[in-house]
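Novice: Sharing a sequence plus its predicted fold:
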Amino acid sequence: MSKRDYYEVLGVERSVTEVELKKSFRRLAMKYHPDRCPDDPEAQEKFKEAKEAYEVLADGQKRAMYDQHGHAAFEGGMGGRGGAGFGDMGDIFGDIFGDIFGRSGGGRGRPRRGADLRYIMELDLEEAVFGIERAIEIPTQVNCHHCNGSGSADGKTVQCRTCHGHGRVRMQNGIFSIQQACPHCHGSGQTIEKPCKSCHGEGRLEETRKLSVRIPAGVDNGDRIRLAGQGEAGPSGAESGDLYVEVSVREHVIFQRDGNDLHCEVPIRFSQAALGVELPVPTLEGEVPITIPPETQTGQHFRLRGRGVKSVRSGRHGDLICRVVVETPVRLTREQRELFEQLEATFAGGGAEKHMPRAQTWVDGVKQFWSRVTS
């Protein structure tokens, strides 16, 4: 498959400035980076493609060659995606990813920070509305207790024999010479002579960590709580990643949430709708009375202000919106059936439409429909 145009990959014009180029690549990197999409091969491939395009276009000399000769300028030289010269993040992209993924820029690198973790916490609607503190267990990697995360049995390191302490090695690839992080010391310039026996020099161990998480009142589906430094420990004592607790609210038997408003249905009898009634309706804080006026129709809404959810951001309360549903009586007794028959007989003498506000509109609609069909 032929490669896509580098400018097209990054979504920029050929006249793009260095600042705009970096901004476009940063946007794509944040979206497709493997640390954010570990289980999405397509996203990882898009990241590699964007990374390759940026490496060429961000270099003035390479960009000029590409503008003149296209991809042919690098055939047999730089190579395609995944080739030598594209393996290290800390070389060309350190200034872009330093604040996103915690990696250092040029010069001697430091071990990258630990991975961020995600935990999905399922809550009942009441727990999400009023907040809750809950204990959770997170399987993760923690700093080795025996070597304090250094990976060294005696706490000592020596100069890397591959890069001689520089943390960088130079790779010759065709006519180009490219620097990248030392594959032996991963850019630190130091190696361990006596690995810790507990973690085998990794500096980290698998462990299930117990945490207490406070969920603030008013959270909703998809909201995330960030616990800084509670993710995986970084290699060789590097900074730990973060833990993101994502809220998932279970369906409620009565209420449906829409932003900070709550919705519910209120079933009433035919006679209650016709004559009006005062009845209790449930809220998250107990029952409150609501007055249903006479001649209420199915689908009418009644708003109880301030009976919804308190916003986690603004502190403002939403409303409870009750939708009336008039139910047709079932399993009638003989007496009830006779009473309904008597009531129906009062409508049979003519003028029944005045008691049915929607009937005339419906009849008019039917007439218009048939007139169009038969014309």
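Specialist: Ah, there it is.
Novice: check contacts around Glu135.
Specialist: Residue 135: Ala, not Glu. For Ala135, the contacting residues are 210-213, by C-beta atoms under 8 Å, 6 or more residues apart in numbering. (C-beta placed from N, C-alpha, C; glycine too.)
Novice: quick one: whatever helix or strand it lives in to chain centroid distance?
Specialist: Per DSSP states H and E, Ala135 falls inside strand 132-143. Taking C-alpha atoms, centre = their mean, to the nearest Å, one finds strand 132-143 lying 20 Å from the centre of the chain it belongs to.
Novice: Within its sheet, name the partner strands of that strand and how each one runs.
Specialist: If you go by DSSP bridges, strand 132-143 pairs up with strand 204-215 (antiparallel).
Novice: can I get the CA coordinates of the partner strand in PDB?
Specialist: C-alpha atoms of strand 204-215 as PDB (Å, rounded to 0.1, in the frame of the first residue of the first chain):
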ATOM      1  CA  ARG A 204       8.700  -2.600  40.300                       C
ATOM      2  CA  LEU A 205       6.500  -5.400  41.600                       C
ATOM      3  CA  GLU A 206       3.000  -6.600  40.900                       C
ATOM      4  CA  GLU A 207       0.700  -5.700  43.800                       C
ATOM      5  CA  THR A 208      -3.000  -5.100  44.500                       C
ATOM      6  CA  ARG A 209      -3.400  -1.700  46.000                       C
ATOM      7  CA  LYS A 210      -6.300  -0.700  48.200                       C
ATOM      8  CA  LEU A 211      -7.500   2.900  48.000                       C
ATOM      9  CA  SER A 212     -10.400   4.900  49.400                       C
ATOM     10  CA  VAL A 213     -12.000   7.100  46.700                       C
ATOM     11  CA  ARG A 214     -14.400   9.900  47.500                       C
ATOM     12  CA  ILE A 215     -16.900  10.500  44.800                       C
END
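Novice: what's the following helix or strand after that strand?
Specialist: strand 224-227.
Novice: in the stretch 201-350 of the chain, which spans are helices?
Specialist: 270-275, 334-347 (DSSP state H, counting those that start in this stretch).
Novice: show me where the stretch 201-350 of the chain has strands.
Specialist: Here the stretch 201-350 of the chain has its strands, by DSSP state E, counting those that start in this stretch, at 204-215, 224-227, 243-249, 256-258, 261-269, 277-283, 286-292, 301-304, 320-327.
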